[in-house]
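would you be able to build a 3D model of this:
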Amino acid sequence: MIRATKVLPAGTWDHTREIDCIALAHDGRHRRRIVMNAEGGLDFLLELAEAAMLHDGDGLELESGRVVRVVAASEPVADIVADPHLLSRVAWHIGNRHVPAQILPDRIRIGRDHVLEEMIEKLGATVTRVSAPFDPEPGAYAGEAAHGHHHGHHHEHGDARPHSDGHRHDH
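Numbering: from 1, shown residues only. I've put the predicted structure just below:
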């Protein structure tokens, strides 16, 4: 079976090498090893050394040097619009719940969650339920891991090491 062994970040690869594309929803774009079937019928094995978050426009380089383009598929999402101050408050509530969010120039996009959507509407923001590509922020601890690189960033809970004040603090 044809293998794809490398992720080429969006904007860094030559599109004349593209032979097919594959549409994947957000939940299907964090991958390491899986058989994939591209839109044009090409079957291939994605076989990466480490799991990677695939983004819209990334290329999956096949052993032959040809490329399959990743497309962020439309999926059920909620677009949140409000004045800048209220949108900042909404962003805080979303982050406080560790909900994946895509920050767009004029709105925040989240995956559908009726409980969170209702709370956001009660705060005064407008929530529009649509079907659109979802590409949330990778998070502060992801670093370049979003494209398959690992730099040893860790966030651990239960850490009881002494801090600079000499006391132990549980996180």
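
list the buried residues in the longest strand along the chain.
Looking across the chain with DSSP state E, the single longest strand is strand 43-53. Within strand 43-53, the residues that count as buried by 16 or more other CB atoms under 10 Å are 44, 46-48, 52-53. No exception for glycine: its C-beta is placed from N, CA and C like everyone else's.

give the full set of residues in contact with the residue lying closest to residue 33 once chain neighbours are set aside.
In space, and not counting its chain neighbours, residue 33 is closest to residue 47: 5.2 Å by CB to CB, 6 or more residues apart in numbering. Contact analysis of residue 47 by CB atoms under 8 Å, 6 or more residues apart in numbering lists 3-5, 32-33.

can you pick the most crowded of those residues?
When these are compared by neighbour count (other CB atoms under 10 Å), residue 4 ends up highest, at 24 neighbours.

and that one, what is it in contact with?
So residue 4 contacts 36, 44-47, 60-63, 68 (CB under 8 Å, 6+ apart).

go with 10 Å
Residue 4 makes contact with 22, 36, 38, 42, 44-48, 59-64, 66-68 under the criterion CB atoms under 10 Å, 6 or more residues apart in numbering.

which non-adjacent residue is nearest it?
Distances taken as CB to CB, 6+ apart put residue 60 closest to residue 4, at 3.9 Å, once the chain neighbours are dropped.

over to that neighbour. Which of the three states is it?
strand (DSSP: H, G, I helix; E, B strand; the rest coil).

quick check: longest helix of the protein.
helix 84-96 (DSSP state H).

distance from the chain centre to that helix, please.
A distance of 19 Å separates the centroid of the chain from that of helix 84-96, by CA atoms, centre = their mean, to the nearest Å.

what packs against that helix?
Contact analysis of helix 84-96 by 3 or more CB pairs under 10 Å, 6 or more residues apart in numbering; DSSP states H and E lists strand 74-81, strand 101-104, strand 107-111, helix 114-123 as its packing neighbours.
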